[in-house]
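**Q** the sequence isn't on hand, but the structure is:
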């Protein structure tokens with residue numbers, strides 16, 4: 001296959017590119033490098049530099065006869081989206097519409113979207129399946145839902161097909177230790193814990209320890225980035241052999257608490273991890289766990305690297321290799 005990854009130099013995009021390259025596919029990387037790193041580009045990739053707002057650059061890249069496009073180029077900080085929604089509207093919505101339209105103009109009819117469990121909002125039931133109501137709690141989640149809705153309209157009106165992959169919590173690094181540059185300004189729990197272990201931060205803040213969970217801390221469904229990358233390959237194979245579209249969850253179906261993450265990190269790093277209990281964050285549910293039964297049934301996908309040990313161990317090795325500590 002010939003696969004063009006938008007946002008392919010970012011944390012998840014890097015691993016997705018590697019998964020396609022491992023198969024021997026032709027991989028293109030389109031990135032503006034605002035958060036992606038040039039050191040992440042794998043040998044043999046075709047590189048295009050540009051943003052989703054640059055329609056000329058989009059068309060120049062897309063004219064090169066690609067079979068499948070993968071869209072990983074959205075901004076993703078939920079908190080930031082609530083204080084700077086214009087930034088997210090411009091890149092995530094306007095930019096995505098530019099990309100969808102450019103695909104249409106260049107006869108690329110197979111589209112994979114890096115979507116998010118943020119489209120669901122507060123859980124009405126667990127585990128969350130794809131039929132769960134979509135009522136996002138933040139503007140970031142809304143932008144992902146808006147992209148999905150536009151993809152569905154283009155599917156109906158222009159006969160283009162898509163797979164939307166609703167990630168739960170992406171974490172980990174390549175188990176084979178093929179090094180990538182670390183995320184810039186990480187906000188997610190596991191990299192923040194790693195930064196505390198490395199001495200880059202003084203402490204980890206735990207937002208509430210009085211939830212109705214086994215240890216009082218919030219529980220989330222973490223899925224290893226290598227498992228996510230494998231799902232993109234399977235989604236591309238699906239699009240190449242089916243004339244329809246699909247929305248699937250990607251999660252491990254196993255909840256891991258904040259406390260379990262911290263305790264496993266202490267074991268793996270053999271370092272102390274100072275912590276501070278602070279107030280709950282508004283809108284944080286006690287527990288979020290995915291149902292990935294559709295991904296298993298339709299794509300033949302399952303999470304194989306998403307144990308708490310492999311998530312922490314692979315991340316710690318990447319930090320040690322990068323920071324030399």
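**A** Good, I have the coordinates. On a predicted model such as this, the values are computed, not experimentally measured, just so you know.

**Q** which strands and helices lie in contact with whichever strand or helix holds residue 195?
**A** Residue 195 belongs to helix 189-197 when assigned by DSSP states H and E. Contacts defined by 3 or more Cβ pairs under 8 Å, 6 or more residues apart in numbering; DSSP states H and E place helix 189-197 against strand 204-207, helix 258-269, helix 308-323. Heads up, the C-betas are built off the backbone N, CA and C, glycines and all.

**Q** which parts of the stretch 1-150 of the chain are strands?
**A** Ranges of strands within the stretch 1-150 of the chain are 2-6, 26-31, 46-49, 68-71, 110-116, based on DSSP state E, counting those that start in this stretch.

**Q** which of those is buried the deepest?
**A** Greatest average neighbour count among the strands of the stretch 1-150 of the chain goes to strand 68-71 (a mean of 27), per mean count of other Cβ atoms under 10 Å.

**Q** can you pull the buried residues of stretch 207-220?
**A** Neighbour-count burial for stretch 207-220, counted by 16 or more other Cβ atoms under 10 Å, picks out 207-209, 211, 213, 216-220.

**Q** end-to-end on it?
**A** Chord length of stretch 207-220, first to last residue, is 13 Å (Cα to Cα, to the nearest Å).

**Q** how about stretch 156-164?
**A** End-to-end for stretch 156-164, by Cα to Cα: 15 Å.

**Q** what does it rub up against?
**A** With Cβ atoms under 8 Å, 6 or more residues apart in numbering as the test, stretch 156-164 has contacts from 103-104, 109-113, 115, 148, 151-152, 154-155, 235, 238-239, 242-248.

**Q** if you set the cut-off to 7 Å instead, what comes out?
**A** Here stretch 156-164 makes contact (Cβ atoms under 7 Å, 6 or more residues apart in numbering) with 103-104, 109-113, 115, 148, 151, 154-155, 235, 238-239, 243-247.

**Q** in PyMOL, select just the buried ones from the residues you listed.
**A** PyMOL command restricting the contacts of stretch 156-164 to the buried ones, with burial defined by 16+ other Cβ under 10 Å:
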select buried, resi 103+104+109+110+111+112+113+115+148+151+154+155+235+238+239+245+246+247
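
**Q** just the helices from the stretch 51-200 of the chain, written as ranges.
**A** Using DSSP state H, counting those that start in this stretch, the helices of the stretch 51-200 of the chain run over 55-62, 78-83, 85-88, 96-105, 139-158, 189-197.

**Q** buried deepest among those, which one?
**A** Mean neighbours per residue, mean count of other Cβ under 10 Å, is largest over these for helix 189-197, with a mean of 22.

**Q** now do that one against helix 308-323, angle only.
**A** Here helix 189-197 runs at an angle of 50 degrees relative to helix 308-323 (axes from the mean of the first three to the mean of the last three Cα atoms, to 10 degrees).

**Q** what about the one helix or strand in the chain whose mean pLDDT sits lowest, distance to the chain center?
**A** When the helices and strands of the chain are scored by mean pLDDT, DSSP states H and E, helix 78-83 comes last with a mean of 92. Centre-to-centre, helix 78-83 and its host chain are 17 Å apart (Cα atoms, centre = their mean, to the nearest Å).

**Q** and that helix, what does it pack against?
**A** Helix 78-83 sits against helix 139-158, with contacts defined as 3 or more Cβ pairs under 7 Å, 6 or more residues apart in numbering; DSSP states H and E.

**Q** average pLDDT across the helix it packs on?
**A** Taken as a whole, helix 139-158 has an average pLDDT of 97.

**Q** so how far is it off the chain centroid?
**A** So, by Cα atoms, centre = their mean, the centroid of helix 139-158 is 17 Å from its chain's centroid.

**Q** same deal with stretch 116-134?
**A** Taking Cα atoms, centre = their mean, one finds the center of stretch 116-134 at 16 Å from the center of the full chain.

**Q** go on, stretch 225-236?
**A** For stretch 225-236, the distance to the chain centre is 11 Å (Cα atoms, centre = their mean).

**Q** low-confidence ranges in the protein?
**A** Low-confidence segments of the chain (pLDDT under 70): 325.

**Q** in a strand, that's where residue 234 is, yeah?
**A** No - Residue 234 is assigned helix when assessed by DSSP: H, G, I helix; E, B strand; the rest coil, not a strand.

**Q** please report how far it lies from residue 323.
**A** Distance of residue 234 to residue 323, given as Cβ to Cβ, to the nearest Å: 33 Å.

**Q** cool, residue 8 as well?
**A** Taking Cβ to Cβ as the measure, residue 8 falls 24 Å from residue 323.

**Q** please apply the same query to residue 249.
**A** For residue 249 relative to residue 323 (Cβ to Cβ), the value is 33 Å.

**Q** more crowded one of the two?
**A** Neighbour totals were compared for residue 249 and residue 323, and residue 249 leads with 26 against 13 (other Cβ atoms under 10 Å).

**Q** list the contacts for the more buried one?
**A** Going by Cβ under 7 Å, 6+ apart, residue 249 touches 128-130, 166, 290-292, 294-295.

**Q** that'll do, ta.
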